[in-house]
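J.: have a look at this fold, sequence not included:
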């Protein structure tokens, strides 16, 4: 019970700090996806460069991208800072909880920020694109977003404990950009049959399964990957990357 209360207290402190930094947090998670939706879903449709129903396909992908990358970035960057300049991680390690629970708290907090980032884009995207989502599907969408945010946080833990601080800028260019454009956020994965090599590449990205799962729930008329494939793969990704990330965290913490 002491460990549980300490875990909740540490998580609550991080949430409180986020509340104090709310304007900068909102700017970080809203501006880029807002313009993505506006340009690709509104402007290009208005000038007839894409079909009018493209917004239906784009919005689930952008919501998935915001949750996944939001969790990844909000796990990676604090870890890089904690293990390098601020050394705040030392205070966490002195708390009456195990080192593994400190790692879990980092991932849970990153996933929470990713989940909020994704949920913020739902009303914004609906307002911009004029699409409608059935309320009955939202609970399952929430489940998918929770899994996607946890997967992003687990990958963020791996990156944050393995990339040196001086390489962090290179990491964002080398890792995040391919993740963004191979995650089936702008297109349905099954329609890549004519580009088989790229379809296989996208299948290696956990973000693909978040995007496809949301489309499967919200727009089943569009070709999509089956939920019975997407959800187990996301669960497996959380388990594998979470274990690798915790192993890296233990190594860095003990050093």
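T.: Arrived safely. All of these numbers come straight from a predicted model, not from anything done at the bench.
J.: could you find the closest non-adjacent residue to residue 147?
T.: residue 234 (4.3 Å; CB to CB, 6 or more residues apart in numbering). The way it works is simple: take the backbone N, C-alpha and C, and place the C-beta from them, glycine included.
J.: just checking, that neighbour touches residue 206?
T.: Yes - contact status for residue 234 versus residue 206: in contact at 6.5 Å, counting by CB atoms under 8 Å.
J.: quick check: the gap between residue 51 and residue 153.
T.: To residue 153, residue 51 is 35 Å away according to CB to CB, to the nearest Å.
J.: common neighbours of residue 234 and residue 206, please.
T.: Common neighbours of residue 234 and residue 206, counting by CB atoms under 8 Å, 6 or more residues apart in numbering, are 148, 151.
J.: before we move on, back to that, who touches the residue nearest to residue 147 in this structure?
T.: 144, 147-148, 151, 206, 209-210, 213.
J.: dihedrals phi and psi, it?
T.: Reported as degrees, to the nearest 10, the phi and psi values for residue 234 are phi -60, psi -40.
J.: do the one 10 residues further on as well
T.: When quoted as degrees, to the nearest 10, the phi and psi of residue 244 stand at phi -60, psi -40.
J.: quick one: average pLDDT of the host helix or strand of residue 237?
T.: In this structure, residue 237 sits in helix 227-254 according to DSSP states H and E. Helix 227-254 carries an average pLDDT of 91.
J.: could you give the separation of that helix from the chain centroid?
T.: 14 Å (CA atoms, centre = their mean, to the nearest Å).
J.: which residues does the host helix or strand of residue 170 contact?
T.: Residue 170 belongs to helix 168-171 when assigned by DSSP H and E. Residues outside helix 168-171 that contact it (CB under 8 Å, 6+ apart): 76-77, 80, 159, 163.
J.: any idea how far it is from the middle of the chain?
T.: Using CA atoms, centre = their mean, the offset of helix 168-171 from its chain centre is 18 Å.
J.: list the helices and strands the helix or strand following it packs on?
T.: Counting by DSSP H and E, the element after helix 168-171 in chain order, helix or strand, is helix 177-181. Packing contacts for helix 177-181, counted by 3 or more CB pairs under 8 Å, 6 or more residues apart in numbering; DSSP states H and E, involve helix 54-82.
J.: show me what counts as buried in stretch 225-237.
T.: 225, 227, 230-231, 233-234, 237 (16 or more other CB atoms under 10 Å).
J.: just these now: which is nearest residue 177?
T.: residue 237 (19.5 Å; CB to CB).
J.: just checking, that closest one touches residue 151?
T.: Yes - here residue 237 reaches residue 151: they are 4.6 Å apart, a contact under CB under 8 Å.
J.: which residues are in contact with both of these two?
T.: residue 206.
J.: mind checking the longest helix of the chain?
T.: Identified as the longest helix of the chain according to DSSP state H is helix 99-129.
J.: just give me how far it sits from the chain centre.
T.: With CA atoms, centre = their mean, you get 7 Å for helix 99-129.
J.: tell me what it is packed against?
T.: Going by 3+ CB pairs under 8 Å, 6+ apart, helix 99-129 lies up against helix 2-20, helix 22-36, helix 54-82, helix 89-93, helix 138-162, helix 227-254.
J.: out of the ones you listed, which gets nearest to residue 125?
T.: Nearest of those (CB to CB): helix 54-82, 4.3 Å.
J.: between helix 2-20 and the closest one, find me the angle.
T.: 110 degrees (axes from the mean of the first three to the mean of the last three CA atoms, to 10 degrees).
J.: who does helix 54-82 touch, helix- and strand-wise?
T.: So helix 54-82, by 3+ CB pairs under 8 Å, 6+ apart, packs with helix 22-36, helix 44-46, helix 89-93, helix 99-129, helix 138-162, helix 168-171, helix 177-181, helix 206-218.
J.: hey, which of those helices is tucked in deepest?
T.: helix 206-218 (a mean of 27; mean count of other CB atoms under 10 Å).
J.: so what's residue 250 up against?
T.: Residue 250 sits in contact with 99-100, 103, where contact means CB under 8 Å, 6+ apart.
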